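J.: Kindly generate the corresponding structure for this input.
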Amino acid sequence: FRSSPAYKMNSGTGSTGGDIEIEANGVPEGASSYSVTVQKEGHGTASATPISGSAGTEIALSATPDSGWILKEWQIVSGDINILNNKFTMPNSDVVVKAIFVERPLDPTDPEEATVTFDPAGGKWEDGTTAPKIVTTNVGNEITILDAPAREGYEFKHWEGSAYQPGEKYQVPSGGHRFTAVWIKSVSTKPTDKDQTLPKTGENVEPYLWSSVLLFVAGGLLIVFRKKKSKQKG
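T.: Numbering: from 1, shown residues only. Below is the predicted model of the structure:
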């Protein structure tokens, strides 16, 4: 308020006298209200408070990036404004702004991850699955080479892509690595005819010996009989 020159105050009673003028500075009746639209690019949320107002109203912007993302900048899509410390003053028009989110750059101190893939190449894992198994860890870490899968009619030779055997240690390189199972056909253990006619080590050879002697004697008698028969004819 503003007092006139005739304004007086009685210090004893606290009462006032004289004329008092009160001046109100507000929004003129019928002033236009304009809207604020907030867009976004990337992963995060963005908003404005308030979302509308007349010219001269202060607008506060808020942006919350998702995990692994950061707010790069506010872009002015439309409206004659300047954004400073996430705030701007409303002009005589609607305003559209956009929050630009980008992925957070890797910190040089952050460990690099890599994957090591084991492809059974037609084999089957112990759990019955046949899809490749993937191990994810930090570069430089040591992992244990997985147990060999199984494949009917084949024997596991080694993991190709550097010949490694199950249980061995492997240091994971940058960019990861892929191992593929190498298989060789199983050798048949079915005995041959020769194996079946010969006695095995440790078996009793006497029946075989007597059989051979009897065959030899029978052969000799047959020869003698034929010679005698030939002489009689002569």
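J.: Would you map out the domains in the chain?
T.: 32-105, 113-185 (automatic domain parsing).
J.: Now do the end-to-end distance for the longest one.
T.: With CA to CA, to the nearest Å as the measure, domain 32-105 spans 44 Å from end to end.
J.: now stretch 73-84
T.: First-to-last residue span, stretch 73-84, CA to CA: 11 Å.
J.: Buried residues of it, list them for me.
T.: Residues of stretch 73-84 classed as buried: 74, 79, 81, 83 (neighbour count, 16 or more other CB atoms under 10 Å). Glycine gets a C-beta too; all of them are placed from N, C-alpha and C.
J.: Next, the third one: phi, psi?
T.: Residue 81 adopts backbone torsions of phi -140, psi 170, taken as degrees, to the nearest 10.
J.: still on that earlier bit, out of the buried residues of stretch 73-84, which is nearest to residue 65?
T.: residue 74 (12.8 Å; CB to CB).
J.: right, and the closest one touches residue 83 too?
T.: Yes. Using CB atoms under 8 Å, residue 74 is in contact with residue 83, at 4.9 Å.
J.: Now do the shared contacts for these two.
T.: 61, 97 (CB atoms under 8 Å, 6 or more residues apart in numbering).
J.: Now do the helices in the chain.
T.: Ranges of helices in the chain, per DSSP state H, are 193-197, 206-233.
J.: mean pLDDT lowest for which of these?
T.: Among the helices of the chain, helix 193-197 carries the lowest mean pLDDT, a mean of 54.
J.: Mind putting the buried residues of stretch 73-84 into JSON lines with pLDDT and distance to residue 125?
T.: Formatted as JSON lines, these follow (pLDDT from 0 to 100; distance: CB to CB, whole Å):
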{"residue": "74", "pLDDT": "96", "distance to residue 125": "52"}
{"residue": "79", "pLDDT": "94", "distance to residue 125": "61"}
{"residue": "81", "pLDDT": "95", "distance to residue 125": "61"}
{"residue": "83", "pLDDT": "94", "distance to residue 125": "57"}
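J.: Report the two of these separated the most.
T.: It's 74 and 79 that sit farthest apart of the buried residues of stretch 73-84, by CB to CB, at 11.7 Å.
J.: Give the residues shared as contacts by the two.
T.: Joint contacts of residue 74 and residue 79 (CB under 8 Å, 6+ apart) are residue 97.
J.: what about residue 60, distance to residue 94?
T.: 17 Å (CB to CB, to the nearest Å).
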